[in-house]
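*Asks:* quick one: sequence plus predicted model below, questions after.
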Amino acid sequence: MSICVRYLDISDGSVAIHEEFICFVHVEDLTGIGLATKLLETLDSLHITAQLVAQGYDGASAMSGKFNGVQAVIREQLGRKLAIYVYCAAHNLNLSLQDACKLDSVRAAITAVNTVTVFICSSPQRTALLEKKSKSWFRSHLCINFYSTARPDGLRSRRLSSDSTCSSQQSLKL
């Protein structure tokens, strides 16, 4: 099991949110009680338990179960309702990306992007030229091509003209 913490750093009058990987923990008991016990032991050894205000896990019943899931066991063992459970949406994103990467078209696109990246990054001259061109391109196109409206659907984008995109590609001389 991997353990990560998200915390507030309040220093010098400023507040910053940090998210840090803490450690991997070997777990044999994969029940909610077993996972919660191992998690609490690890957090206790790091003196984090007393400050726990929320918990975030995937949607598996062993983690999110209302009665025997990790979140329920931790709230009960800590004797407080403060350690609220929040579903971690990053798990859904990860599952979606894994499924998307199985598609041939996505794999081909990733391969193409990787090939271009290796080509550009293998030359300091090409890298510098791309940085220069992309900065000027974004300055001249991004602000012009996006605008906000009062309509309910909010932000709309206008298409970039294919002429300007082609001329930018030609100027890179790749």
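*Replies:* Good, I have the coordinates. Numbering: from 1, shown residues only.
*Asks:* could you pull out the strands for the chain?
*Replies:* Taking DSSP state E to define them, one finds strands in the chain at 2-11, 14-24, 54-57, 84-87, 146-147, 156-157.
*Asks:* okay, now the sheet partners of the first one, with direction.
*Replies:* Applying DSSP bridges to the sheet, strand 2-11 is found paired with strand 14-24 (antiparallel).
*Asks:* what do you get for the third one?
*Replies:* Partners of strand 54-57 in the sheet, by DSSP bridges, are strand 84-87 (parallel).
*Asks:* residues contacting Leu82?
*Replies:* Counting by Cβ atoms under 8 Å, 6 or more residues apart in numbering, Leu82 touches Leu52, Val53. C-betas here are computed from N, CA, C, even on glycine.
*Asks:* what pLDDT does Leu155 get?
*Replies:* Leu155 is assigned a pLDDT of 41 by the prediction.
*Asks:* what do you get for His47?
*Replies:* So, for His47, pLDDT stands at 85.
*Asks:* residues of stretch 28-48 that come out buried?
*Replies:* Gly32, Leu35, Ala36, Thr37, Lys38, Leu39, Leu40, Thr42, Leu43 (16 or more other Cβ atoms under 10 Å).
*Asks:* noted, bye for now.
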